[in-house]
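**Q** can't give you the sequence, but here's the structure:
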């Protein structure tokens, strides 16, 4: 029973941590006041997308855990990208380091690519489940750069 509880915690850990960060930064979020590019989605899209991505992240990692494929390399890749991910909203919304946030997303993209490569060596499905996350990060990079450059 304890093992199942730990797996459930690991499954929802990204969503839980993302929710905590969202709660922390909520007073600082001024999305609609930013100079938004034409492709910017409405604010309500972000919690929906991130909920899905965080759940996919958890499922992907749990698949490795359940098949005893979450070795040290996979764990480091997973948790590194998660930490980088969770710091971005603080950099962007709280500290308002818009230009640095774009560089941070590039670092996040690199860490997610590394995670996908690491997962792919162990279990292809775990890697494939991260593709929507990677695509979204490229879109987030576009938004971040556009917001930084727009007057």
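**A** It's in. Please read these numbers as outputs of a predicted model, since none were measured by experiment.
**Q** how about the contacts made by the spatially most central residue of the chain?
**A** With distances taken as Cα atoms, centre = their mean, residue 85 lies nearest the centre of the chain, 4.6 Å away. For residue 85, the contacting residues are 18, 108, by Cβ atoms under 8 Å, 6 or more residues apart in numbering. For the C-beta atoms, the positions are set from N, CA and C on the backbone; glycine is no exception.
**Q** what pLDDT, on average, does whichever strand or helix holds it get?
**A** For residue 85, the element it lies in under DSSP states H and E is helix 72-89. Helix 72-89 comes out with an average pLDDT of 98.
**Q** in that helix, what's buried?
**A** 74, 77-78, 80-82, 84-89 (16 or more other Cβ atoms under 10 Å).
**Q** and stretch 34-42, by the same measure?
**A** 34, 36, 40.
**Q** dump those to a markdown table, plus distance to residue 133, secondary structure and pLDDT.
**A** Formatted as a markdown table, the buried residues of stretch 34-42 follow (distance: Cβ to Cβ, whole Å; DSSP: H, G, I helix; E, B strand; the rest coil; pLDDT from 0 to 100):
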| residue | distance to residue 133 | secondary structure | pLDDT |
| --- | --- | --- | --- |
| 34 | 23 | coil | 95 |
| 36 | 22 | coil | 96 |
| 40 | 19 | coil | 97 |
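**Q** and which of the residues you listed is nearest residue 54?
**A** For the buried residues of stretch 34-42, the residue nearest residue 54 by Cβ to Cβ is residue 40; the value is 21.1 Å.
**Q** without its sequence neighbours, what residue ends up closest to that closest one?
**A** residue 143 (6.0 Å; Cβ to Cβ, 6 or more residues apart in numbering).
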